[in-house]
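*Asks:* Got a predicted structure here, sequence first:
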Amino acid sequence: MPANASPTRQRLFRAHGPQPPETLFDVGEDLMTEEYLGLREAFEELGASTRLVCVFFTADAENGIHAIHWGDAHLEPDRTFTWPYRERLPVAPAEMG
């Protein structure tokens, strides 16, 4: 995940990956804005049983999708992913137009 990934995207992976942390988001008092509190409430309503399913693929404009997978991804502190489970999906041949 890029260093400039949105906080929402990072929270989804950290909070709803296969090994969620004990709390969803710990921030200092100085960062608890109204917007933050609203987002926190929305994420907490998802509950611990909510699972995030990730889809990742490789593609290019000329040939379309090369490979596509789905699975559980866990965001590591260094912004890389570990994939405890993943499965490759079939790809339909690109139509020649």
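*Replies:* Received it, and whenever you're ready, just let me know what you need.
*Asks:* going forward, measure contacts and count neighbours with C-alpha atoms only.
*Replies:* Fine.
*Asks:* Grab the longest strand from this protein for me.
*Replies:* The residue-count maximum for a strand in the chain (DSSP state E) belongs to strand 64-75.
*Asks:* and residue 91, what is it in contact with?
*Replies:* 65, 66, 67, 68 (C-alpha atoms under 8 Å, 6 or more residues apart in numbering).
*Asks:* residues making contact with the longest strand of the chain?
*Replies:* With contact meaning C-alpha under 8 Å, 6+ apart, strand 64-75 is reached by 10, 13-14, 17-19, 52-60, 81-91, 94.
*Asks:* Helix or strand next in line after the longest helix along the chain, which one?
*Replies:* Assignment by DSSP state H gives helix 34-46 as the longest helix of the chain. Once the chain leaves helix 34-46, the next helix or strand it forms, by DSSP states H and E, is strand 54-60.
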